[in-house]
Structures are given as C-alpha cells and as structure tokens.
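Asks: next come a sequence and a model predicted from it.
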Amino acid sequence: MSRASRSAPISCLLLAALALFAVPAHAEEDVPYWVSLRADEANMRVGPSESYPIEWVYQRVGLPMKVVRKLSGWRLVEDPDGTRGWIVSRFLTLERSAIVLGDEPVAIRAEPGAGAKLLWRAEPGVTGSLGDCKAGFCRFSVEDKSGWVAEKALWGTGEP
C-alpha cells in the first residue's frame, strides 16, 4: 500500500470530523435581529452562563435590544446605548419596540408625514410598541396613545 493511499482514509476522516464540528454557514444568518425585554428585571452578564458576573440589571419591560449572537439559551444583545452583554433568551420577546432618541421631545402625528396633525410629543427615552414603517415614519404606540413618528427619531427600527 502506498503512502498516498494510506493517508487518503485519514484525510477523509479528518474532513468528516471537521464537517461535524464546523458551524454551518446558515447558522448565523438569522442574526442580528430585534427583540424587546419581556421581564420586569433581567440581568446582563459578561458571558453566556449564570456563573459569569452581572454587568447590568435592566428593569424596563419593552426596552428594544439587538441580538448579535446566539448560544444555547443565551443571547448576546446590544442595548440602545451600545452596551453589549449576555441575557437569558426567556427574558426577551420578538415583539418589536423602539425608544425615542435625542435631547428634545419628538412629534407624534396622526399620519406618516412631517405636515400631518400633531397628536402629542414623546420625551427622549420613552419606549413603545413599534408598528409598520413607511415613508420615513413609523407607527408608535405608548400605553393607550398611538401615532406616527419620524423613523430617525427612534432606535429599534429598520434592519438591525
């Protein structure tokens, strides 16, 4: 048996082993994506297990976050301030939300357009449910109030 024919089975076994342990190309295609906090209190940790220290404690249901990585039951998320850390996936929901950005209150209008009737104003930091977006405006609901806000005034819209 020649050296080449002896190494062929070993090469095939190595390739097969690599194929078993390699992450498929499509496995990360579903990230990033938007989520919202579903819990009254959620710990952000520096790593994906309860043995890692808590970096931040969130106490804001509906806060939008961006999932940038998945590992078992954990999600590496980014919050509106750009802070990243790991949160248990059961504390997150796929229900879309957004948060008002900036330093000044933003206009919430009756229709999607800068000239539409002003309904109310939302202060920076207000979170709400996010609806459809069109023509640079998004449907935004806070408690029992709803209207349209300029998409650029919100974090949590568009493609993550």
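Replies: Received, thanks.
Asks: can we go C-alpha only for contacts and neighbour counts from here?
Replies: Fine.
Asks: specify the beta-bridge partners of the closest residue in space to residue 111 that isn't next to it in sequence.
Replies: Nearest non-adjacent residue to residue 111, counting by CA to CA, 6 or more residues apart in numbering: residue 148, 5.9 Å away. For residue 148, the residues forming beta bridges with it (DSSP bridges) are residue 109, residue 139.
Asks: where does this structure have its least confident helix or strand?
Replies: Least confident element among the helices and strands of the chain, by mean pLDDT, DSSP states H and E: helix 3-21 (a mean of 46).
Asks: list the strands paired with whichever helix or strand comes after it, with their directions.
Replies: Note on helix 3-21: by DSSP states H and E, the next helix or strand toward the C-terminus is strand 33-37. Here the strand partners of strand 33-37, with direction, are listed using DSSP bridges: strand 64-71 (antiparallel), strand 92-93 (antiparallel).
Asks: following strand 33-37, which helix or strand shows up next?
Replies: strand 42-45.
Asks: now that next one: mean pLDDT?
Replies: Here strand 42-45 scores 98 as its mean pLDDT.
Asks: what packs against whatever helix or strand comes next after that strand?
Replies: From strand 42-45 onward toward the C-terminus, using DSSP H and E, the following helix or strand is strand 54-58. Contact here means 3 or more CA pairs under 8 Å, 6 or more residues apart in numbering; DSSP states H and E; on that basis strand 54-58 packs against strand 42-45.
Asks: got the domain ranges for the protein?
Replies: 27-95, 98-155 (automatic domain parsing).
Asks: in TSV, list those domains along with mean neighbour count.
Replies: Formatted as TSV, the entries for the domains of the chain read as follows, by neighbours: other CA atoms under 10 Å:
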stretch	mean neighbour count
domain 27-95	17
domain 98-155	18
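Asks: show me what residue 76 bridges to in the sheet.
Replies: Assessed by DSSP bridges, residue 76 has beta-bridge partners residue 69, residue 86.
Asks: mind checking how far it is from residue 70?
Replies: Note on residue 76: its distance to residue 70, by CA to CA, to the nearest Å, is 6 Å.
Asks: which neighbours do these two share?
Replies: Overlap of the contact sets of residue 76 and residue 70 (by CA atoms under 8 Å, 6 or more residues apart in numbering) is empty.
Asks: could you look up the SS state of residue 152?
Replies: Using DSSP: H, G, I helix; E, B strand; the rest coil as the criterion, the local structure at residue 152 reads helix.
Asks: so how far is residue 84 from residue 75?
Replies: Counting by CA to CA, the separation of residue 75 from residue 84 is 10 Å.
Asks: low pLDDT regions in this protein?
Replies: Per-residue confidence of the chain (counting by pLDDT under 70) places the weak regions at 1-29.
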